[in-house]
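**Q** Just the structure for this:
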Amino acid sequence: MICEGRILQKFERKSITVDCRMLKILDAMNYHRIVTIDKSDGSLILFKEDNEYDFFDEKDPAPIIQIYAYLGIKEVFTRKSRKNELVTFFRFPDMIGKELIILEIVHRYMEEYPNTAFYVDNGYTFRKHHIDAIYKMPEPDAEWIYKSPDMYKKG
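**A** Below is the predicted model:
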């Protein structure tokens, strides 16, 4: 089973380097083991938790997290996002087992860009107040991605 998520935001007409936004957040989280692979439609950002092994060492137990950063933003994922003029800026192609790291990334991103949404392919859309409520819990819910955002009160 694969569970995907997307950071949705209104398209900005001015020139933006979308992947730089994510690299700043990862750097602030002390993820310095980052590889970016430029593609025609965006960048693939790979990062993992720091450990003593090389980045692509197969003995390395830490999971690699992939983030696609879109340059020519073309993907409008749902009717509701189309209505709100939200397009995909970042896509997390596999979030299983990485839910709390994704929560940290999304929380930091929404602190910087509060008018974004986080869409999970199970149909749930999280706004900043949902993410803040989950993040501020004494023990953040590791299963948050699989639950309705309505169960998290506005902060």
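
**Q** And the strands in this protein?
**A** Read by DSSP state E, the chain holds these strands, from start to end of the chain: 5-10, 34-39, 42-48, 64-70, 86-92, 117-120, 125-126.

**Q** Let me know whether F90 touches I102 as I believe.
**A** No. Between F90 and I102 no contact is recorded; they are 10.5 Å apart, counting by C-beta atoms under 8 Å. Every C-beta, even on glycine, is put in place using the N, C-alpha and C of the backbone.

**Q** can you state the direction angle for the longest helix along the chain and strand 86-92?
**A** In the chain, ranked by residue count with DSSP state H as the criterion, the top helix is helix 99-112. For the pair helix 99-112 and strand 86-92, the angle between their directions (axes from the mean of the first three to the mean of the last three C-alpha atoms, to 10 degrees) equals 140 degrees.

**Q** Helix 99-112 to strand 64-70, inter-axis angle?
**A** Going by the same axes, to 10 degrees, helix 99-112 makes 30 degrees with strand 64-70.

**Q** buried sites along helix 99-112?
**A** E99, I101, I102, L103, I105, V106, H107, R108, Y109, M110 (16 or more other C-beta atoms under 10 Å).

**Q** how about the last one, what does it touch?
**A** Spelled out, that is M110. T116, F118, K128, I131, D132 (C-beta atoms under 8 Å, 6 or more residues apart in numbering).

**Q** ok, now how distant is it from D19?
**A** M110 sits 18 Å away from D19, taking C-beta to C-beta, to the nearest Å as the criterion.

**Q** Check the second one too.
**A** Note on I101: its distance to D19, by C-beta to C-beta, is 18 Å.

**Q** Show the model's pLDDT score for Y119.
**A** At Y119, the model reports a pLDDT of 91.

**Q** is it true that it touches R6?
**A** Yes. Because the distance of 4.7 Å satisfies C-beta under 8 Å, Y119 is recorded as touching R6.

**Q** Neighbour count for those two, which is higher?
**A** R6 (25 against 22; other C-beta atoms under 10 Å).

**Q** neighbours of S148, just the number please.
**A** Tallying neighbours of S148 according to other C-beta under 10 Å, which is how burial is gauged here, yields 11.
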